[in-house]
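[1] Compute the structure for the input listed below.
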Amino acid sequence: MKKTLLLSLAIALSTAGGAQAQEANKLLNASYDISRELFAAINPAFIADYKEKTGRDVTIDQSHGGSSRQARSILEGLEADVVTFNQVTDVDILAGNGFVSADWQQEFPNQASPYYSLPAFLVREGNPKNIKDWSDLVRDDVKVIFPNPKTSGNARYTYLAATAYALEAFDGDQEKVSAFISKLFDNVPVFDTGGRAATTTFVERQIGDVLITFEAETRGIEREFGTDSFDTVVPSVSLLAEFPVAVVDRVAERHGTAELAKAYLDFLYTPAGQEILAENGNRVHDEAVAAKFAGEFPQVRLLTVDDVFGGWDKVQEVHFASGGTLDQLYGLSLIHI
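    Purely as a prediction, here's the structure:
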């Protein structure tokens, strides 16, 4: 009997160890909605690089959705080893619940943001509505497409960029700023849950006159459908959109993937990783790569969340908390609809 128990325990331990070893060669990256094509290019390049350096074969799986929805999914049980989000507050939510280290922004360069972008406009070929700047988006004859800012980090950047523009345009007059944002929301005929669904609404369903999304997404659409179908418009001013990354320590430690997870995110900062990011329409920090692709990115005045809103903690408290400014203005737009 005793021998049988010992044998059973040995088999169980062996099986568990084998399972963890298998898991240690496999990562799940939970990412934002419109990053599918980007990581379809990043992942095989990383796998080949990691194989060359370590001799190990690894697999990278992807999960995509609105950034805020992805964060909630991890809290509810999605076993992601790493996150590549488009919203600092979504990583902060994970940190606040013990999934990510409290000092996650110090674990990688550039406050754990290997690349950046900005909200830009995609219009139909020839720009028939002559949409040039944020002020054109509140005209009565313009229908605007962007996702639900309650579920999409992409849309939250749109909301913040539009608010930053209005704060400048109306010299900080909060009543006029609120009216501007309410009118912008009123001009949206449908709020999709994520950036990719909003792209489908605009591109395939042919709804709306302008899509607001990250500049990288506008460039991807132009590549896929041709510049004879759509044009990118970069407004006079926009908001720096950072793309934070982090190891989900609670999951990675359980899976035995902490080393692989860090290597994966480190790859995004290498010249090879930065070049793939730039090829996919993202602005990068590597000076040599940025110089190589400089001609593809128009000059734009970029405001920052810190300068305009006092940082992400303040944004969360004032705008995104339950009952905050976003809830108030977004709720009014739904009443109007």
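
[2] what about whichever strand or helix holds L27, distance to the chain center?
    Per DSSP states H and E: L27 is located in strand 26-31. Distance, stretch centre to chain centre, for strand 26-31: 14 Å (CA atoms, centre = their mean, to the nearest Å).

[3] helices or strands up against the very next helix or strand once past it?
    Following strand 26-31 in sequence order, the next helix or strand is helix 36-54 (DSSP H and E). Applying 3 or more CB pairs under 8 Å, 6 or more residues apart in numbering; DSSP states H and E, we find helix 36-54 packed against strand 26-31, strand 59-64, helix 258-267, helix 271-279. C-beta: built from backbone N, CA, C; applies to glycine.

[4] With respect to burial, which of those scores highest?
    For the helices and strands packed on helix 36-54, ranked by mean neighbour count under the definition mean count of other CB atoms under 10 Å, the leader is strand 26-31 at a mean of 23.

[5] List the neighbours of it that are in contact with it.
    Residues from elsewhere that reach strand 26-31, judged by CB atoms under 8 Å, 6 or more residues apart in numbering: 39, 43, 58-64, 70, 73-74, 78-85, 248, 255, 257, 260-261, 264.

[6] I181: what's it in contact with?
    159, 162-163, 166, 329.

[7] rerun that using 6 Å as the cut-off
    L329 (CB atoms under 6 Å, 6 or more residues apart in numbering).

[8] same thing with I42?
    I276 are the contacts of I42 under CB under 6 Å, 6+ apart.

[9] one step back: if I take the strand holding L27 and strand 59-64, what angle do their directions form?
    Angle of strand 26-31 versus strand 59-64, following axes from the mean of the first three to the mean of the last three CA atoms, to 10 degrees, is 20 degrees.

[10] Begin at 55, not 1, for the rest of this chat.
    Let's use 55 as the start, then, which means that last one is strand 80-85.

[11] Output the below-cut-off pLDDT ranges for the stretch 55-204 of the chain.
    55-77 (pLDDT under 70).

[12] Could I get the full set of strands for the stretch 205-354 of the chain?
    264-268, 284-287, 291-293, 295-296, 299-301, 337-338 (DSSP state E, counting those that start in this stretch).

[13] What of the stretch 55-204 of the chain?
    80-85, 113-118, 136-138, 169-171, 173-178, 198-199.

[14] May I see these organised as TSV, with distance to D187 added?
    As requested, the strands of the stretch 55-204 of the chain are arranged in TSV below (distance: least, CB to CB, whole Å):
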stretch	distance to D187
strand 80-85	30
strand 113-118	31
strand 136-138	30
strand 169-171	18
strand 173-178	9
strand 198-199	13
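
[15] Which one, of those strands, ends up nearest to Y323?
    Between Y323 and the strands of the stretch 55-204 of the chain, the shortest gap by CB to CB is with strand 169-171, which sits at 9.3 Å.

[16] in its sheet, what does the strand holding L81 sit against?
    strand 113-118 (parallel), strand 136-138 (parallel) (DSSP bridges).

[17] How about stretch 116-128, which residues are buried there?
    Going by neighbour count (16 or more other CB atoms under 10 Å), the buried part of stretch 116-128 is 116, 118-125, 127-128.

[18] Could I have the CA atoms of it written out in CSV?
    What follows is stretch 116-128 as a C-alpha-only set of coordinates in CSV (Å, rounded to 0.1, in the frame of the first residue of the first chain):
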residue,chain,number,x,y,z
GLN,A,116,-2.8,35.7,-29.0
SER,A,117,-6.0,37.0,-27.5
HIS,A,118,-7.4,40.3,-28.8
GLY,A,119,-10.2,42.6,-27.7
GLY,A,120,-10.8,46.1,-26.4
SER,A,121,-8.0,46.8,-24.0
SER,A,122,-10.2,47.5,-21.0
ARG,A,123,-12.2,44.4,-21.7
GLN,A,124,-9.0,42.4,-21.9
ALA,A,125,-8.0,43.6,-18.5
ARG,A,126,-11.3,42.5,-17.0
SER,A,127,-11.0,39.1,-18.7
ILE,A,128,-7.6,38.5,-17.0
